[in-house]
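K.L.:
how would this look folded up:
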Amino acid sequence: MSGESTGIPRITSLENGVTVITDAMPHLATASLGIWAGVGARDERPDEHGISHLLEHMAFKGTRRRSARAIAEEIEAVGGDINAATSVEHTSYNARVLAEDVPLALDVLADILTEPAFDPEELEREHNVIVQEIGAALDTPDDLVFDLFQERAFPNQPIGRSILGTPSTVRSFGADRLRTYLGRNYRAPKLIVSAAGAVEHDQVVAEAGRLLGGIAGDDKPAPLPGRYEGGTEIGGGRELEQAHLLIGLEGVSYRDPAIHALQVFTNVLGGGMSSRLFQEVREARGLCYAVYSFHWGYADTGLFGVYAGTDGGDVGELVDVVIDQIEETVEGMSAVELARSKAQAKVGLLAALESSGARADQLARQMLAFGRPIPLEEIVAKLEAVTLEDAKAAGRSLIARGRPTFTALGPGKPLESAARIAERLKAA
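P.N.:
Now for the predicted structure:
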């Protein structure tokens, strides 16, 4: 069964500041809903590295009313599923159920945030689970290189640290530390109840008011501002079949007026099989299997990057070609490439309107970032307004900010040589 968003969400603010936003998708029989908190890894203090992620894990490990097993069984007994995720700036707790089970799902989600048990035995088990997760990440070079990239771009600050934490920090968190962090950061103004699909707004508002009305109504502490620095980090000590590398530059906040122009530039450079990087680096030269560019926007900063995995003997040529393509895209982007990039962006936006889960997530993130849902027409208009010169200017500004970030895993000497080539991106 397929559904289509009405595109006109309804919003209600509870007395304590919790926001409820819904978008009915009339032809769906299921609903996706959740509680999104404007809290993530960058809100952690120096001695709290990894606590956001641990708190998310402990969400399903029992409350005063429900055991860990009961949480899973209650949702799955009605055919639903439940999950959670932690990022740099957000944490989400979400479920998908049939329309008639929306109250149950909200009750479970609210219960895990307002009445967590933090049972010592469950906590110790979850310490071990996350330590295993950290170990798995360390054994996955194409994941680890991204952690190195974030840390090198934003060194010695929360926004640059791995979301997972370290084994020692994770094992140091007991129930009292978790409750302190929860109470300090999970405050009503930064909590969004978002639902899409087979939902009735008034019902969700009533349930949210009953379940979340007691959460403190003042705001959480502001996170430390992000300070991009850049630099080089080459990881060694292991034999790898491939070299994994990232080349980056300081991006922009998602609130920056240039964000749409930079996204268009990024997509033309390395956003798909027709992109310049894919065509030149992989198709024309055969230097790698995977290569793409991306831009991560945060509340006060951003990070642009290019990822590639290649043979150790090809890294020097690959980095040289990547930098050439960045510079050539700035000066040589065509009207055809501009139109293609805009079309790709619009398809991505429309796809979110066709999935209840993606739509609920989109609405929650927009509320946390901008304080309002952004109409599709407004986003499309801003994309359409990006001119060829706007996109080129966004690329020029990217390069002008200089201070490249280069991180890599693989054979040492070739990567050290590639790092020196990446210095070409330094501002004059």
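K.L.:
which residues does Ile192 bridge with?
P.N.:
Note on Ile192: beta-bridge partners by DSSP bridges are Thr19, Trp36.
K.L.:
I figured it hits Thr22, correct?
P.N.:
No: using CB atoms under 8 Å, Ile192 makes no contact with Thr22, being 11.0 Å away. Placement of C-beta: from N, CA and C, glycine included.
K.L.:
Neighbour count: those two, which is higher?
P.N.:
Neighbours around Ile192 and Thr22, counted as other CB atoms under 10 Å, are more numerous at Thr22. The numbers are 27 against 24.
K.L.:
Which elements pack onto the helix or strand containing that one?
P.N.:
Here Thr22, judged by DSSP states H and E, is contained in strand 19-24. Contacts defined by 3 or more CB pairs under 8 Å, 6 or more residues apart in numbering; DSSP states H and E place strand 19-24 against strand 10-13, strand 191-197, helix 201-212, helix 356-370.
K.L.:
Quick check: mean pLDDT of that strand?
P.N.:
For strand 19-24, mean pLDDT is 97.
K.L.:
Tell me what angle that strand forms with strand 191-197.
P.N.:
Inter-element angle recorded for strand 19-24 and strand 191-197: 10 degrees (by axes from the mean of the first three to the mean of the last three CA atoms, to 10 degrees).
K.L.:
Please, where are all the strands along the stretch 301-428 of the chain?
P.N.:
All strands of the stretch 301-428 of the chain, identified by DSSP state E, counting those that start in this stretch, fall at 302-310, 405-409.
K.L.:
which of those sits most buried?
P.N.:
strand 405-409 (a mean of 27; mean count of other CB atoms under 10 Å).
K.L.:
ok, back up a step: can the strands of the stretch 301-428 of the chain go into JSON lines with extra columns for mean pLDDT and distance to Asn185?
P.N.:
What follows is these, written out as JSON lines (pLDDT from 0 to 100; distance: least, CB to CB, whole Å):
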{"stretch": "strand 302-310", "mean pLDDT": "96", "distance to Asn185": "23"}
{"stretch": "strand 405-409", "mean pLDDT": "94", "distance to Asn185": "28"}
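K.L.:
Centre-most residue in the protein?
P.N.:
Compute the mean C-alpha point of the chain, and by CA atoms, centre = their mean the closest residue is Ser87, 5.3 Å away.
K.L.:
Sketch out the low-pLDDT regions of the stretch 1-150 of the chain for me.
P.N.:
1-7 (pLDDT under 70).
K.L.:
Would you map the strands across it?
P.N.:
Applying DSSP E, counting those that start in this stretch to the stretch 1-150 of the chain gives strands spanning 10-13, 19-24, 30-37, 81-86, 91-98.
K.L.:
Tell me which of the ones you listed sits nearest to Thr329.
P.N.:
Among the strands of the stretch 1-150 of the chain, the nearest to Thr329 by CB to CB is strand 81-86 (32.5 Å).
K.L.:
Parallel or antiparallel, list what pairs with the closest one.
P.N.:
Counting by DSSP bridges, strand 81-86 is paired with strand 91-98 (antiparallel).
K.L.:
Please consider this matter closed, and thank you.
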